[in-house]
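Participant: everything below, folded, please.
(one chain, ligands or ions: 1)
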Amino acid sequence: MNEAKKGIGDRYQEETKYSRDGMKIYSTGVFERTEQYKQYPDTAKVLPLPHVKPAAGADFWDTLMQRRSHRDFSSAALSRDELALLIFATQGLTDEESQNMFRAAPSAGALYPIETYVFANRVETIDPGIYHLNIAEQTLELLRPGDCGRALTIAALGQAMVSTGAATFIWTAIAGRSKWKYHERAYRYIYLDAGHIGQNLYLAATALGLGCCTIGAFFDSQVNDIIGIDGENETAVYLGAVGKKH
Ligand SMILES: Cc1cc2nc3c(=O)[nH]c(=O)nc-3n(C[C@H](O)[C@H](O)[C@H](O)COP(=O)(O)O)c2cc1C
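Facilitator: Numbers count the residues shown, from 1 in each chain. Below is the predicted model of the structure:
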């Protein structure tokens, strides 16, 4: 490709290639290993997630065939069990014996750079608000009580599904968790991790008969502000709206 036509994406791809002639991985320095997961110890409210298992497993191949993006939701609420199952599918601990806290979705190097926040809009027995998933405790920590639907819709370029849905997942990345090992190449893996999580949300929602749509179009700093993160060490990467279908 003509050098002059190369954009930041082309240069990123080029400079983060593993190569047999000397692994010249681009690096801006040595990174400190950061904490494995985030917790909000001063939160006003902590909600335990029920240990739930789907009563009868939906057929995997039917689920794959039926998965579609749904953007129109009814005004019905999700049950707390349904929300717990969706969270389990995206970030549930599937090997509690291991120090790595292996999850339902894979992660490069088992470093788990993605954090999960949920805007619970209409979930039975859960007051509306933005919650953070405490992965170690499998609890939801209340960060911002109240209806954040309007703010989220504006942040999501006017896409109303983030406020008409019963719940919206907000996934952020703490790049430092991966950069100490993979340096700048870490960003490739971070976005792949987010993609796996998003697909698990789609499949779990489909298996439960719910509608789901993941969202990449949003004003980054507005979403970051809504959940109170700095946009530098931690930044929003992906959203997913879920709700009951009409
Ligand atoms: C990374 C990614 C970002 C997406 N962002 C949006 C979005 O911002 N708004 C939207 O309506 N759909 C979004 N979608 C959903 C796609 O439009 C949808 O997957 C595509 O049209 C194919 O349809 P299907 O999911 O029903 O198979 C996104 C999907 C992916 C994988």
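
Participant: helices and strands around the lengthiest strand in the chain, which ones?
Facilitator: For the chain, the strand with the greatest residue count under DSSP state E is strand 235-244. Here strand 235-244 touches helix 161-164, strand 167-173, helix 186-207, strand 210-215, helix 220-227, going by 3 or more CB pairs under 8 Å, 6 or more residues apart in numbering; DSSP states H and E. The way it works is simple: take the backbone N, C-alpha and C, and place the C-beta from them, glycine included.

Participant: what are the pairing partners of that strand, and which direction each?
Facilitator: strand 167-173 (antiparallel), strand 210-215 (antiparallel) (DSSP bridges).

Participant: and the shortest one, is it in reach of the ligand?
Facilitator: Going back to what we said before, that points to strand 210-215. Yes: remark: strand 210-215 sits within contact range of the ligand at Cys213, Thr214, Ile215, by CB under 6 Å from any ligand atom.

Participant: and the first one, how many neighbours?
Facilitator: Read it as Cys213. 24 (other CB atoms under 10 Å).

Participant: so it sits against Phe73, correct?
Facilitator: No: using CB atoms under 8 Å, Cys213 is not in contact with Phe73; the gap is 9.5 Å.

Participant: can you list the strands that the helix or strand where Phe119 lies pairs with?
Facilitator: Assessed by DSSP states H and E, Phe119 sits inside strand 114-120. In the sheet, strand 114-120 lines up against strand 129-134 (antiparallel), strand 167-173 (antiparallel) (DSSP bridges).

Participant: among those strands, which comes closest to Ala194?
Facilitator: With CB to CB as the measure, strand 167-173 is the member of these nearest Ala194 (5.4 Å).

Participant: state the mean pLDDT of the closest one.
Facilitator: Across strand 167-173, pLDDT averages out at 98.

Participant: what of stretch 144-163?
Facilitator: pLDDT averaged over stretch 144-163 gives 97.

Participant: could you do stretch 212-224 as well?
Facilitator: Stretch 212-224 comes out at a mean pLDDT of 98.

Participant: flag every residue of the chain that's near the ligand.
Facilitator: Arg68, Ser69, Arg71, Gln159, Cys213, Thr214, Ile215, Gly216, Ala217.

Participant: so which of these is the most crowded?
Facilitator: Result: Cys213 is most packed of the residues of the chain next to the ligand (other CB under 10 Å), 24 neighbours.

Participant: can you pull up the bridge partners for that residue?
Facilitator: Applying DSSP bridges, one finds that Cys213 bridges with Ala241.

Participant: give me the low-pLDDT residue ranges for the protein?
Facilitator: 22-30, 54-55 (pLDDT under 70).

Participant: middle-most residue in it, spatially?
Facilitator: Trp171 (2.9 Å; CA atoms, centre = their mean).
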